[in-house]
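K.L.:
Based on what follows, work out the 3D shape:
(2 chains)
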Amino acid sequence: MIQQADNPIVEIHDLTVSYYKKPVLWDIDLCFPQGNVIGIMGPNGAGKSTLLKTMMGLVPPDSGYIKLFGKTLDEVRKQVSYVPQKESVDWDFPASVLDVVVMGRYAQLGLFQRPRKADKEKALACLHQVGMEPLAKRQIAQLSGGQQQRVFLARALAQEAQLYLMDEPFVGVDAATEKMIINLLQSMAHEGKTIIVIHHDLQSAPNYFDWSVLLNMRVVAAGPTQDVFTPALLQETYGGKLTVLSKIGELLREQAWPTREPN
Amino acid sequence: MEFFSFSDPNVRYVVLGTLLLTGSTAMIGSFALLKKKVLVGDAIAHAVLPGVCLAFIATGTKHPIPLSLGAFTTGWLALVLIDQITHRSKIKEDTAIALVLSVTFGLGILLLTAIQHTGNAAQVGLSNFLFGKAAALVSDDLKILTLLSLILMAMVLLFFKEFTLVAFDKSFAQASGLPVQRLELLLTSLTVLAIVVGIRAVGILLMTAMLITPPAAARFWTHHLPKMVLLAAVLGMLAGLVGSFVSYMAPAMPTGPWIVITISLIAYGSFLLAPRRGLLARRIQQRKHQRKTLTENILKLFYELGEADGHFYKSRTLDTIRQYRPLPAGRLAQELKRLQKQNMLQRERAGWVLTTAGKNKGEEISRLHRLWELYLTHYLKIKPDHVHEDAESIEHVITPALAEELDSLVKLHTKQKKK
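P.N.:
Predicted structure coming up:
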């Protein structure tokens, strides 16, 4: 059950991606509509993070293509912002909250240029949007989970992109922060921005996302959330055992078979 | 003390050279430390030996350019080898590092011994590569090494923000469009260069210490990365100064161990004495907490005894207090005297008595204890028999602002329940 979007900002066609030589995404077809907060959900190991990483060019696909704004990633990099899982970073790094947010401006600056006053002011404005401006000088080692996530979000906002990809932003985050973030994302969507969120809590999904994707190594369903969140489709996503797929994947990995024949 | 007048131009050059060598190594070491790539640096340092020996065998001289080239080449080869082993087999990085380190160093020693037995006069001083000797740096060496150190420092400054981002959050850097592969290549090359250059002062065997000890020491004094790198450079240079001084006073001594001892002492000193993060500062903080806890508990005890028999300003003996707060009599007497100095208690013939201030303080602590218990039982629904121990600790931590919040929460909750 995959619905097409009217004005797609992202188009994914026949995408297959492997993680350490074992395919984790099989023949994915997806498109995401502009100006929405979109949720991607699925069980552990479903390939959700891998999908986002492939969209950001961090993982090479075995087959298929991804078009962002109708172009390749390299053509539109400045329009796309990636918010990785906060666990991917060592928070003992010697840096303040403001330092991290200013890093969001580095790509705009290019090599050899120092951040200017305008960059610092932009960073502070983004911190203000996430309610962290008073903590600008604080060491990141002293932040709570919710505060860390806000800092990551502020850094993404500082990039001034049109498309935002967020990997499990609500894990280990307090309720107040979660509420504040989702409100911010929804107002950004109103302004025409698109935010794709990997989410882990099915309860809150209908309230957060207008458009949802159920993923379990392949697309089970994609479309408006109320169409996608049916018991049958949820069962297929979370309950189905993909034993054959797993076994094939294991074989491919163990014997180093290529996932696609070389052209 | 003639040394420190720096009137001898030789001394000037050697000191300048050593300072630049140790300073630039410390700067690069900061990034190696942050990226947790320090052991790899050790392997590179050890792999330099065969490179130096081969360059000597090839050219027959100790000219700095071929020696540095040889060193750089084998240093890089070691890295490639470690990388290949890790990616093409099941061997993990630390094992691969140990393998490459030992094999290349063994090879180097073989070559060095062979060279030493040829009787070629030019080879004297090759063994200085093992422990470093600043005094052995002649003008040719110094010129090249100074140039290389300056290039190193300039590159670190030029690419500072890129290196910082790659060290902190590589996937974000890559997603932002930064050429992460090339930046890592550059950082690695600079690390190999720093090692090749620094070995002349510190030696192969102690190179790792020179890479990590200055930034590790600097970490205790600042949270701001640019300051940390600068401080690491300064501390490294300080150690280098001591090393070159020793080299001047006792030319037979290797400089490496002296430099490393100096920087290690600085690091241990930082560990102990740094404000807030240092060991001493933490101990002091701990003692303050213990003291506060004890004095507040005593006042609370006085207050609660007073509540029990309706007479707050009754004199209590040391033994009575010891019944409820079992402490060595001497320690307790000390705390009571302290409370007297703070005007919380007064000494009377048979015992001690609360002052008005003391009574108010005791009352306050008691109130906070009960407030916390109410919060736990009513708001968090924790079993009543679990909350006393909890409150015994938390009563000392609650600030006035938090107390107000707790108060209103408990009141609100009691009101809601009554509805």
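K.L.:
What helix or strand is the closest residue to residue B:155 other than its chain neighbours located in?
P.N.:
Distances taken as CB to CB, 6 or more residues apart in numbering or on different chains put residue B:190 closest to residue B:155, at 5.7 Å, once the chain neighbours are dropped. C-beta coordinates here come from the backbone N, C-alpha and C atoms, glycine included. Element membership of residue B:190, judged by DSSP states H and E, is helix B:180-202.
K.L.:
what does residue B:307 give?
P.N.:
Following DSSP H and E, the helix or strand that holds residue B:307 is helix B:279-309.
K.L.:
how about residue A:194, what does it touch?
P.N.:
A:9, A:10, A:32, A:33, A:34, A:35, A:36, A:38, A:162, A:163, A:164 (CB atoms under 8 Å, 6 or more residues apart in numbering or on different chains).
K.L.:
and the residues you listed, which of them are in strands?
P.N.:
Residues of those located in strands (DSSP state E): A:9, A:10, A:32, A:33, A:38, A:163, A:164.
K.L.:
of these, closest to residue A:187?
P.N.:
Nearest to residue A:187 among the ones in strands among the contacts of residue A:194, counting by CB to CB, is residue A:164 at 12.8 Å.
K.L.:
Might one say that the closest one is in contact with residue A:198?
P.N.:
No. Using CB atoms under 8 Å, residue A:164 is not in contact with residue A:198, being 11.9 Å away.
K.L.:
tell me which parts of chain B are close to chain A?
P.N.:
Within reach of chain A by CB under 8 Å from any CB of the partner chain, chain B has these residues: B:34, B:158-159, B:161-162, B:164-165, B:167-169, B:171-178, B:219, B:222-225, B:228.
K.L.:
What segments of the chain are strands?
P.N.:
This is for chain A. Shown for chain A, the strands assigned by DSSP E span residues A:8-19, A:22-33, A:37-41, A:63-68, A:80-83, A:163-167, A:194-198, A:211-215, A:219-224.
K.L.:
should've been chain B
P.N.:
So, for chain B - with DSSP E - the strands run B:345-347, B:352-354.
K.L.:
Show the average pLDDT along the lengthiest helix in chain A.
P.N.:
Taking DSSP state H as the criterion, chain A has its longest helix at helix A:175-190. Mean pLDDT, helix A:175-190: 93.
K.L.:
again, but for stretch B:411-419
P.N.:
Averaging pLDDT along stretch B:411-419 yields 73.
K.L.:
which residues touch residue A:181?
P.N.:
By CB under 8 Å, 6+ apart, the contact set of residue A:181 is A:130, A:149, A:150, A:153, A:169, A:170, A:173.
K.L.:
swap in residue B:374?
P.N.:
Residue B:374 touches residue B:410, counting by CB under 8 Å, 6+ apart.
K.L.:
returning to that earlier point: so which elements touch the helix holding residue B:307?
P.N.:
Identification of packing neighbours for helix B:279-309 by 3 or more CB pairs under 8 Å, 6 or more residues apart in numbering or on different chains; DSSP states H and E yields helix B:255-273, helix B:318-324, helix B:329-341, strand B:352-354, helix B:356-374.
K.L.:
can I get those in JSON lines with mean pLDDT?
P.N.:
Formatted as JSON lines, the helices and strands packed on helix B:279-309 follow (pLDDT from 0 to 100):
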{"stretch": "helix B:255-273", "mean pLDDT": "92"}
{"stretch": "helix B:318-324", "mean pLDDT": "87"}
{"stretch": "helix B:329-341", "mean pLDDT": "89"}
{"stretch": "strand B:352-354", "mean pLDDT": "89"}
{"stretch": "helix B:356-374", "mean pLDDT": "91"}
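K.L.:
and among these, the most buried is which?
P.N.:
Among the helices and strands packed on helix B:279-309, ranked by average contacts under mean count of other CB atoms under 10 Å in any protein chain shown, first place goes to strand B:352-354 (a mean of 22).
K.L.:
Show residues contacting it.
P.N.:
If you take CB under 8 Å, 6+ apart as the criterion, strand B:352-354 is touched by B:299, B:302-303, B:306, B:312-318, B:321, B:336, B:340, B:344-347, B:362.
K.L.:
Quick check: residue A:48 vs chain B, distance?
P.N.:
Separation of residue A:48 from chain B (CB to the nearest CB, to the nearest Å): 15 Å.
K.L.:
Tally up the residues packed near that residue, please.
P.N.:
Using other CB atoms under 10 Å in any protein chain shown, residue A:48 is surrounded by 23 other residues.
K.L.:
which residues touch the residue found closest to it once you drop the neighbours it is linked to in the chain?
P.N.:
In this structure, residue A:48 finds its nearest non-sequential neighbour in residue A:198, 4.7 Å apart by CB to CB, 6+ apart. Neighbour list for residue A:198: A:39, A:40, A:41, A:48, A:49, A:52, A:166, A:167, A:168 [criterion: CB under 8 Å, 6+ apart].
K.L.:
which ones are touching the fourth one?
P.N.:
For residue A:48, the contacting residues are A:40, A:41, A:42, A:167, A:198, A:215, by CB under 8 Å, 6+ apart.
K.L.:
What are the buried residues along stretch A:217-236?
P.N.:
Neighbour-count burial for stretch A:217-236, with 16 or more other CB atoms under 10 Å in any protein chain shown as criterion, is recorded at A:217, A:218, A:219, A:220, A:221, A:222, A:223, A:225, A:228, A:229, A:233, A:234.
K.L.:
let me redo that: stretch A:193-209
P.N.:
So, applying 16+ other CB under 10 Å, buried residues of stretch A:193-209: A:193, A:194, A:195, A:196, A:197, A:198, A:199, A:200, A:205, A:208, A:209.
K.L.:
Please determine how far the fifth one is located from chain B.
P.N.:
This means residue A:197. In this view, residue A:197 and chain B are 16 Å apart by CB to the nearest CB.
K.L.:
most centrally placed residue in chain B?
P.N.:
With distances taken as CA atoms, centre = their mean, residue B:216 lies nearest the centre of chain B, 3.9 Å away.
K.L.:
surely residue B:248 meets residue B:18?
P.N.:
No. Counting by CB under 8 Å, residue B:248 does not reach residue B:18; the two are 10.4 Å apart.
K.L.:
For residue B:263, which residues are in contact?
P.N.:
Residue B:263 is in contact with B:209, B:210, B:213, B:214, B:217, B:235, B:236, B:238, B:239, counting by CB under 8 Å, 6+ apart.
K.L.:
Can you name the two of the residues you listed that sit furthest apart?
P.N.:
In the contacts of residue B:263, two members sit farther apart than any others by CB to CB. They are B:209 and B:238, at 14.6 Å.
K.L.:
Between those two, point out the one with more neighbours.
P.N.:
Each of residue B:209 and residue B:238 has its neighbours counted (other CB under 10 Å); residue B:209 has more, 23 against 19.
K.L.:
about what we covered before: could you give the angle of the helix holding residue B:307 to helix B:356-374?
P.N.:
Interaxial angle of helix B:279-309 relative to helix B:356-374 (axes from the mean of the first three to the mean of the last three CA atoms, to 10 degrees): 90 degrees.
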